[in-house]
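[1] Sequence below, structure please.
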Amino acid sequence: MTLPKSFLAVIAKSLALLSIGGQLYAAEQQTTSNGNTVTANEPTIESAPTATAQDSEYASQANVEIILFQRLFENDGLNQKFPELTSTIPVANAVVPAENQIYAHILSANEMQLNDIYTKFQQHDAYIPFYHQAWVQPLTSQPLAVPVRIQSDASSIPTIDGRLLIWQDNNIELNFNLAFSYHSVQKSSDFPDNLNQDIATVPDIDATDAADPALTDNNAIAMTTHTIQYQSQSSYVDNQMMYFDHPLFGILVLINSADGKPLKGVSNSNNMLQ
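    Here you go, the predicted structure:
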């Protein structure tokens, strides 16, 4: 993935020596014949697990920080690429990050490392950042891992609801299962049938764009709310801020050690961010 220099400049100012990785959308998504998404059995939560003795040289706790943002388009035809959600995301046993939560203890705003990037998105007309959260959690094997609830304010659109499962194997693994809701605006003017969004690109949040016509044009004649499902799994390697890409939205994820030990399977170079 080719990254805009201006975007890298923002990262360099706020996160020293941090590199960026990318993840294309839905390579691993599977559906049943009736359109319902196949999901794995969810783990149960009894207590916050700890690392085994053989893994004691590696971090047993990690800070996790996430930003979600919507891309703004004026083309309602793009919606035809993504079927509406037809099944329920399993979140009954997902823990919500909170101050009194053992498994996902929420971090304060001044402990977050991506505040400058979130502000950049807020200042850009082409994107709507709508979720920014950080917490500390144990790094365990998959059977002991507990999903964390990813949920934005349901009273405003766009919104996200679902879960993120993080576990430690040879690498740190991330598995998203999310429901994304957004508005589309159909205008009286004609649009091309599709927008080319086959190549994932990290957004250039330093660029200057005009306000989105879909939100400002008086010719808008209809607004529709859509909800789609997003599933993705990837390994966290190379001490990177990962970028999960979808044509309609993007996810930035930063993971670093919370206990002073290196992350298992992650490059030792600048592994522990301060």
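[2] residues touching the closest residue to residue 61 other than its chain neighbours, list them.
    Computed as Cβ to Cβ, 6 or more residues apart in numbering, the closest residue to residue 61 that is not its neighbour in sequence is residue 258, at 4.0 Å. In short, each C-beta sits where N, CA and C put it, glycine included. By Cβ atoms under 8 Å, 6 or more residues apart in numbering, the contact set of residue 258 is 59, 61-63, 136.
[3] So which of those wins on neighbours?
    Within these, most neighbours by other Cβ atoms under 10 Å means residue 59, with 25 neighbours.
[4] That residue and residue 236 touch, don't they?
    No - with contacts defined as Cβ atoms under 8 Å, residue 59 does not count as touching residue 236, sitting 11.8 Å away.
[5] Which neighbours do the two have in common?
    Overlap of the contact sets of residue 59 and residue 236 (by Cβ under 8 Å, 6+ apart) consists of residue 263.
[6] how about the strands in the protein?
    Secondary structure of the chain (DSSP state E): strands at 19-23, 61-71, 105-106, 127-138, 148-151, 159-168, 172-187, 220-236, 240-245, 249-257.
[7] how about JSON lines for those, with distance to residue 116 added?
    Below are those laid out as JSON lines (distance: least, Cβ to Cβ, whole Å):
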{"stretch": "strand 19-23", "distance to residue 116": "15"}
{"stretch": "strand 61-71", "distance to residue 116": "11"}
{"stretch": "strand 105-106", "distance to residue 116": "20"}
{"stretch": "strand 127-138", "distance to residue 116": "11"}
{"stretch": "strand 148-151", "distance to residue 116": "22"}
{"stretch": "strand 159-168", "distance to residue 116": "22"}
{"stretch": "strand 172-187", "distance to residue 116": "23"}
{"stretch": "strand 220-236", "distance to residue 116": "22"}
{"stretch": "strand 240-245", "distance to residue 116": "12"}
{"stretch": "strand 249-257", "distance to residue 116": "12"}
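[8] who wins for proximity to residue 95 among the ones you listed?
    Shortest distance between residue 95 and these, using Cβ to Cβ, is found for strand 148-151: 5.8 Å.
[9] which helices and strands does that closest one pack with?
    Applying 3 or more Cβ pairs under 8 Å, 6 or more residues apart in numbering; DSSP states H and E, we find strand 148-151 packed against strand 61-71, strand 127-138, strand 159-168.
[10] redo that, cut-off 7 Å
    Secondary-structure packing of strand 148-151 (3 or more Cβ pairs under 7 Å, 6 or more residues apart in numbering; DSSP states H and E): strand 159-168.
[11] Only alpha carbons, please: show the strand it packs on as CSV.
    Below are the C-alpha coordinates for strand 159-168, written out as CSV (Å, rounded to 0.1, in the frame of the first residue of the first chain):
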residue,chain,number,x,y,z
THR,A,159,-22.4,4.1,14.1
ILE,A,160,-20.6,0.8,14.9
ASP,A,161,-21.6,-2.1,17.1
GLY,A,162,-19.8,-5.4,17.4
ARG,A,163,-16.8,-7.0,18.9
LEU,A,164,-13.0,-7.3,18.6
LEU,A,165,-11.3,-10.5,19.8
ILE,A,166,-7.6,-10.3,20.5
TRP,A,167,-5.5,-13.3,21.4
GLN,A,168,-1.8,-14.4,21.4
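[12] quick one, it and strand 61-71 angle?
    Here strand 159-168 points in a direction 150 degrees away from that of strand 61-71 (axes from the mean of the first three to the mean of the last three Cα atoms, to 10 degrees).
[13] Quickly run through the sheet partners of strand 159-168, with directions.
    Take DSSP bridges as the rule and strand 159-168 pairs in its sheet with strand 148-151 (antiparallel), strand 172-187 (antiparallel).
[14] beta partners for residue 162?
    residue 150, residue 178.
[15] what's the first-to-last distance across stretch 251-265?
    Stretch 251-265 has an end-to-end distance of 22 Å (Cα to Cα, to the nearest Å).
[16] List the buried residues of it.
    Across stretch 251-265, burial judged by 16 or more other Cβ atoms under 10 Å covers 251-258, 261, 263-265.
[17] now swap in stretch 153-170 and tell me
    Here stretch 153-170 shows 157-168 as buried, counting by 16+ other Cβ under 10 Å.
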